[in-house]
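S.K.: Only the shape, not the letters, is given here:
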C-alpha cells in the first residue's frame, strides 16, 4: 500500500514541478496536433501546480457533473462563484464536506476535507470564508537506488475569505483572497540534487452573477448566469531553481434555470463551461511539409537557459495569452473547454435527486463521467451525497467514490 501512495505522490510531483515532456513529441501543422513517432495525435494536457484547488469540494455539485457557477447560493459557492452569496436569503450558513480519494486503490488516509461558511452583513452584502485540506496520507520516501530516505505526510491547504455585494437588484459581484500552501516532500532531494521545499502562494477570485425572475411557469422561474475567474495568483516552485509553475487559474461561465411547477415540485437545469487560464504546452519540434522535423522557433527563443518560453510567461501574460496560444489554433483552444451539464429535482424543498455529466476532451485529459446523488433538508439542516460513475477507460481518483456534505442554514 505504501508503494501505491508513493507512486501517487511522485506522479503528482512530476506533473507540477518538472519540465513537461513535450519535447518527445512534435507538432504536425497539417493534423493540428502533437504526434508521436507513428504520426498519431497524442494528448497535450494543460498542467499546473496545486491542481487540488480545482477539485470540486461539494457533494451537491459533485452529483451534478461538477456544475456550480450559477446554482442557488450555499456555503460551497465559495469554491465556484462567491458573488452568489450576495443573493442568499439566509442570515448564516455553514457546510462541511468529506471526499475520499483514490478509494479504488484501497487507500484510506488520502482525502479532501472542506469547511465553508458565510454571514449576511446587511440587505446587500455577505462575507464568506473557507478552509480546504488535502491529505496524501503517509509516504515512505526512497532514492533512485530504492534506499529509504524517511517518511512524510504530504499535505496541501487553502484558506480563503470573500466579500459579495449586490450592485443592483439583479447583479452582484464578489472578490476572494486566498493563501495556499503545498507541502509534498519537504527536505527530500530531486534527481538533480535540489532540495524540495514547500510552496506558498497568494491568489484571488473575481466573480459576477446576474439573477432575474422570468415568466415560464405559473409559480415562478428564475434564470441565473454566473462568471468567475479563480485562482489568479503568484507562480510557485518546489525548489530554488529558475522554473516556476502556474496555479490552476480558471475562467468559468455558467447558467442555471429554476422552474417551480407548484408548491411541491421544482426543477433546476444547469450548464457550466470552464477553461484553464494557463499557457498551452508547446512542442519542441514541428513537422515540415516534406515529413522531416525541425526545432520549433516558438519553443525557446533563449535556448541558453533550456526553459520553454511558455513556462516563463508572467501571470497576466499567461492568463491573457491562454486564449490564443494553442499550436492547433482555434479548434485546440475550444478543446480546452470543459463542460458540465446537470439537473436537480426538489420535492417539497425537502428531498432532492440529482444527475450530471462532465466532459473533457480526450486530448486535454479525457475525464468523462456521469454523476448522481440526492439531498435531504430538514428545518435548518441538510445532507448531500454524490457518486461518480466513469464512462470511459480513463481512470480517475474519484471513480466509484461517495462523498458527503452536511449543511446548516439559518434564516
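M.R.: Now that the structure is in, tell me what you want to look at. Fair warning: this is a prediction, and the values are worked out from it, not measured in the lab.

S.K.: where along the protein do the helices fall?
M.R.: Applying DSSP state H to the chain gives helices spanning 2-17, 59-62, 77-80, 315-321, 330-335.

S.K.: Do you know the pLDDT at the residue nearest to the spatial centre of the chain?
M.R.: In the chain, the centroid-proximal residue (Cα atoms, centre = their mean) is residue 54; its distance is 1.9 Å. Model confidence at residue 54, given as pLDDT, is 94.

S.K.: before we move on, the earlier item: and the helices of the chain, which one is worst for confidence?
M.R.: For those, where the average pLDDT is lowest is helix 2-17, sitting at a mean of 42.

S.K.: about what we covered before: list the contacts of the residue nearest to the centre of the chain.
M.R.: For residue 54, the contact set (Cβ atoms under 8 Å, 6 or more residues apart in numbering) comprises 231, 248, 250. (Glycine included, C-beta is placed from N, CA and C.)

S.K.: Show me just the buried residues among those residues.
M.R.: Buried subset of those (neighbour count, 16 or more other Cβ atoms under 10 Å): 231, 248, 250.

S.K.: out of those residues, which one sits closest to residue 148?
M.R.: residue 248 (32.5 Å; Cβ to Cβ).

S.K.: what's the spacing between the nearest residue to the closest one once chain neighbours are set aside and residue 284?
M.R.: Residue nearest to residue 248 in three dimensions, not counting chain neighbours: residue 48, with 4.1 Å by Cβ to Cβ, 6 or more residues apart in numbering. Using Cβ to Cβ, to the nearest Å, residue 48 is found at 20 Å from residue 284.

S.K.: quick one: which of those two has more around it?
M.R.: Remark: of residue 48 and residue 284, residue 48 carries more neighbours, 22 against 19, as counted by other Cβ atoms under 10 Å.

S.K.: Now that one, what are its backbone angles?
M.R.: Note on residue 48: its backbone torsions stand at phi -150, psi 170 [degrees, to the nearest 10].

S.K.: quick one: it and residue 246 touch, right?
M.R.: Yes. Applying Cβ atoms under 8 Å as the test, residue 48 and residue 246 come out as touching, 5.1 Å apart.

S.K.: Mutual contacts of those two, please.
M.R.: With Cβ under 8 Å, 6+ apart as the test, residue 48 and residue 246 both reach residue 278.

S.K.: Which positions in stretch 382-402 come out as buried?
M.R.: Buried residues in stretch 382-402 (16+ other Cβ under 10 Å): 382, 384-388, 390, 396-398, 401-402.

S.K.: Same check on stretch 214-234?
M.R.: So, applying 16+ other Cβ under 10 Å, buried residues of stretch 214-234: 221-233.

S.K.: Name the spans of the stretch 51-200 of the chain whose pLDDT lies under the cut-off.
M.R.: Where the stretch 51-200 of the chain drops to pLDDT under 70, the residues are 143-145.

S.K.: Residue 228 bridge partners, please.
M.R.: As for beta bridges, residue 228 partners with residue 207, residue 252 under DSSP bridges.

S.K.: Show me the strands in the stretch 151-300 of the chain, by range?
M.R.: 155-166, 171-183, 199-214, 221-233, 250-260, 265-276, 285-287, 293-295 (DSSP state E, counting those that start in this stretch).

S.K.: Packing partners of the last one?
M.R.: Under the contact criterion of 3 or more Cβ pairs under 8 Å, 6 or more residues apart in numbering; DSSP states H and E, the helices and strands touching strand 293-295 comprise strand 285-287.

S.K.: List the neighbouring strands of the strand it packs on plus their orientation.
M.R.: Strand 285-287 is paired, per DSSP bridges, with strand 26-28 (parallel), strand 293-295 (antiparallel).

S.K.: can you list the residues that contact it?
M.R.: By Cβ under 8 Å, 6+ apart, strand 285-287 touches 23, 25-30, 35, 293-296, 299.

S.K.: Most widely separated two among the residues you listed?
M.R.: The widest separation within the contacts of strand 285-287 (Cβ to Cβ) is 20.6 Å, between 23 and 30.

S.K.: Could you check which of the two is surrounded by more residues?
M.R.: Higher neighbour count among residue 23 and residue 30: residue 23, with 15 against 9, using other Cβ under 10 Å.

S.K.: Run a quick neighbour tally on residue 375.
M.R.: For residue 375, using other Cβ under 10 Å, the count is 21.

S.K.: now it: how far from residue 391?
M.R.: Distance from residue 375 to residue 391, by Cβ to Cβ: 23 Å.

S.K.: cool, residue 26 as well?
M.R.: Taken as Cβ to Cβ, the span from residue 26 to residue 391 is 31 Å.

S.K.: cool, residue 336 as well?
M.R.: Taking Cβ to Cβ, one finds residue 336 at 20 Å from residue 391.

S.K.: now residue 406
M.R.: With Cβ to Cβ as the criterion, residue 406 and residue 391 are 29 Å apart.

S.K.: OK, contacts around the residue of the chain most remote from its centre?
M.R.: Centroid-distance maximum for the chain: residue 290 at 40.9 Å, with Cα atoms, centre = their mean. By Cβ under 8 Å, 6+ apart, no residues touch residue 290.

S.K.: can you check the one 3 residues further on too?
M.R.: Contacts were defined as Cβ under 8 Å, 6+ apart; by that measure residue 293 touches 26, 285-287.

S.K.: picking that back up, ok, now how distant is the residue nearest to the centre of the chain from residue 329?
M.R.: Distance from residue 54 to residue 329, by Cβ to Cβ: 25 Å.

S.K.: Repeat that for residue 228.
M.R.: 27 Å.

S.K.: what does residue 45 give?
M.R.: Taken as Cβ to Cβ, the span from residue 45 to residue 329 is 18 Å.

S.K.: of these two, who's got more company?
M.R.: Taking other Cβ under 10 Å, residue 45 and residue 329 do not tie; residue 45 has more neighbours (17 against 11).

S.K.: pLDDT wise, what is that one at?
M.R.: For residue 45, the predicted pLDDT is 90.

S.K.: next one: the one 4 residues further on
M.R.: Turning to residue 49, the model gives it a pLDDT of 91.

S.K.: quick one: it and residue 184, what's the gap?
M.R.: 10 Å.

S.K.: show me the contacts for residue 256.
M.R.: 67, 69-72, 223-224, 226, 268-271.

S.K.: From what I see, residue 26 and residue 34 are in contact.
M.R.: Yes. Between residue 26 and residue 34 there is a contact under Cβ under 8 Å: 6.8 Å.
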